[in-house]
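Peer 1: okay, here's the prediction I keep looking at, along with the sequence it came from:
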Amino acid sequence: MHHAMQFLSDNAAAVHPRIWAALQAADAPAPPYDNDALSQQLDEAFGALFGRPCAVLWVATGTAANCLALATLVPPHGGVVCHREAHIEMDEGGAPGFYTHGAKLLLADGEGAKLTPASIAAVLDPIRPDVHRVQPHAVSITQASEYGRVYTPAELAEVAAFTAARGLPLHVDGARFANAVAYLGCTPWEACAGAAALSFGCVKNGGMSAEGLVFFDESLADVARYRRKRAGHLQSKGRFLAAQLLAMLEGDLWLENARAANAAAQEIASVAGDRLLHPVQANEIFLNLSEAERAALRAQGFSFYDWGDGAARLVTAWNSDPAHVAALARAIASL
């Protein structure tokens, strides 16, 4: 049977109709690069969202957003503390080293791909302040994490206070930031408070080809603009990226989409019982499933990724079909 019921990734989901409408509306002559009216609105729009001044650059991919952020924070001889299962470590093909010209990722532990002050300290404390050791220059966390776990505002405050005390700027990889905010029900700022830079994800949330690189330390944006151009990410028709970001914020579409994805994930999680490897807080479900069980689900038309030997990762999206979600929940319950 054709794998018609897709739970592979939120990257595989359709583009939201309001994003298409915004792209169409932007298709008129306008100044190139980021000189158009839409790109010029980004700082104000995101400033209103976060309740504080910020400088926003559009880029095409989450990898570019993360790595341009890190390159502004970390010199080539420096290091970035991140989780050993962070996307920048596991899934960016060496781009962090490429963009930073060789900065090292300093790997930390933590349950559910989350860092704590203690797990960051465990990496920092053994590093002697001498020329033979790579010195830390920043910390990067992911909200929601690679295992779909969120940092509560209290947990985030602890991490941010710790990194500030150590003089290390904080980067937040927000590929699924919308899902985290939707789950927490807090303000957007409370979900990333203390960050110097945030990668604001849209592509996994109904966008087409735009992510927002948000600098709360606005001075960082100046050098990031030069780095974006040098990296080949200053698109000449940048208005089409700005249009997507603005449409996401308009009427809180980003949260509406994330709530839909989260709700679908909760419906599946509700029948998973002790199969769950992690609590489901965003739109990813990690399940213990044997090879035979995975084959049985695929035979019924469900597509998803294996996660190691005895598990699977299922991802819901803004447009997950309620009938498919219900069918998957029934299928898992009856295994």
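Peer 2: Sure thing, it's come through. Keep in mind that this is a model prediction, so the values were computed, not measured.
Peer 1: surely residue 151 touches residue 143?
Peer 2: Yes - counting by C-beta atoms under 8 Å, residue 151 touches residue 143, with 5.4 Å between them. No exception for glycine: its C-beta is placed from N, CA and C like everyone else's.
Peer 1: between these two, which contacts overlap?
Peer 2: Shared contacts of residue 151 and residue 143, defined by C-beta atoms under 8 Å, 6 or more residues apart in numbering, are found at 180, 191.
Peer 1: so what's residue 6 up against?
Peer 2: 12, 303, 324.
Peer 1: could you rerun that using 7 Å?
Peer 2: Residues in contact with residue 6 (C-beta atoms under 7 Å, 6 or more residues apart in numbering) are 12, 303.
Peer 1: over to residue 5?
Peer 2: So residue 5 contacts 301, 302, 303, 324, 327, 328 (C-beta under 7 Å, 6+ apart).
Peer 1: run the last query once more with 8 Å
Peer 2: 300, 301, 302, 303, 321, 324, 327, 328 are the contacts of residue 5 under C-beta under 8 Å, 6+ apart.
Peer 1: spatially, what comes nearest to it if we skip its sequence neighbours?
Peer 2: Leaving aside its chain neighbours, residue 5 sits nearest to residue 324 (4.3 Å; criterion: C-beta to C-beta, 6 or more residues apart in numbering).
Peer 1: can I get the helix or strand harbouring that neighbour in CSV? Just the C-alpha atoms.
Peer 2: Using DSSP states H and E, residue 324 sits within helix 322-333. This file holds the C-alpha atoms of helix 322-333, laid out as CSV (Å, rounded to 0.1, in the frame of the first residue of the first chain):
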residue,chain,number,x,y,z
PRO,A,322,-7.4,14.3,11.7
ALA,A,323,-8.6,11.0,10.1
HIS,A,324,-5.0,9.9,9.6
VAL,A,325,-4.1,10.9,13.2
ALA,A,326,-7.1,8.9,14.6
ALA,A,327,-6.2,5.9,12.4
LEU,A,328,-2.6,6.0,13.6
ALA,A,329,-3.7,6.2,17.3
ARG,A,330,-6.0,3.2,16.7
ALA,A,331,-3.3,1.3,15.0
ILE,A,332,-0.8,1.9,17.8
ALA,A,333,-3.4,1.1,20.5
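Peer 1: other SSEs contacting that helix?
Peer 2: Judged by 3 or more C-beta pairs under 8 Å, 6 or more residues apart in numbering; DSSP states H and E, helix 322-333 is in contact with strand 5-6, helix 253-269, helix 291-299, strand 302-303.
Peer 1: which one of these lies closest to residue 121?
Peer 2: In terms of C-beta to C-beta, the element of the helices and strands packed on helix 322-333 nearest to residue 121 is helix 253-269, at 32.0 Å.
Peer 1: residues in contact with that closest one?
Peer 2: 10, 16, 18, 148, 176, 178-179, 181-183, 202, 205-206, 247-248, 276, 280, 282-285, 314-320, 322, 325-326, 328-329, 332.
Peer 1: so, low pLDDT: which residues of the stretch 1-150 of the chain?
Peer 2: In the predicted model, the stretch 1-150 of the chain carries pLDDT under 70 at residues 1-3.
Peer 1: quick check: the gap between residue 152 and residue 114.
Peer 2: 10 Å (C-beta to C-beta, to the nearest Å).
Peer 1: okay, those two: which has more neighbours?
Peer 2: Neighbours were counted for residue 152 and for residue 114 using other C-beta atoms under 10 Å; residue 114 has more, 22 against 15.
Peer 1: did I read that right, residue 127 in a strand?
Peer 2: No - if the criterion is DSSP: H, G, I helix; E, B strand; the rest coil, then residue 127 is coil and not within a strand.
Peer 1: number of nearby residues for it?
Peer 2: 14.
Peer 1: checking the closest residue to it other than its chain neighbours next. Helix, strand or coil?
Peer 2: Using C-beta to C-beta, 6+ apart and skipping residues adjacent in sequence, the residue nearest residue 127 is residue 133, 5.2 Å away. Put simply, residue 133 is coil when judged by three-state DSSP.
Peer 1: try residue 193
Peer 2: When classified by three-state DSSP, residue 193 comes out as coil.
Peer 1: that one and residue 153 touch, don't they?
Peer 2: Yes - counting by C-beta under 8 Å, residue 193 does reach residue 153; the two are 6.8 Å apart.
Peer 1: neighbour count winner among these two?
Peer 2: Neighbour tally, residue 193 and residue 153, criterion other C-beta under 10 Å: the higher count belongs to residue 193, 20 against 16.
Peer 1: quick one: the helices in this structure?
Peer 2: 17-25, 37-50, 62-73, 87-90, 95-100, 117-124, 153-165, 177-184, 219-230, 239-249, 253-269, 291-299, 322-333 (DSSP state H).
Peer 1: list the buried residues of the first one.
Peer 2: Read it as helix 17-25. 18, 19, 22, 23 (16 or more other C-beta atoms under 10 Å).
Peer 1: surely residue 15 meets residue 210?
Peer 2: No - Residue 15 is not in contact with residue 210 according to C-beta under 8 Å; the separation is 10.8 Å.
Peer 1: so these two - more neighbours on which side?
Peer 2: residue 210 (27 against 16).
Peer 1: just to revisit the earlier point, show me which residues of the helix holding residue 324 are buried.
Peer 2: Neighbour-count burial for helix 322-333 flags 324, 325, 328, 329, 331, 332 (criterion: 16+ other C-beta under 10 Å).
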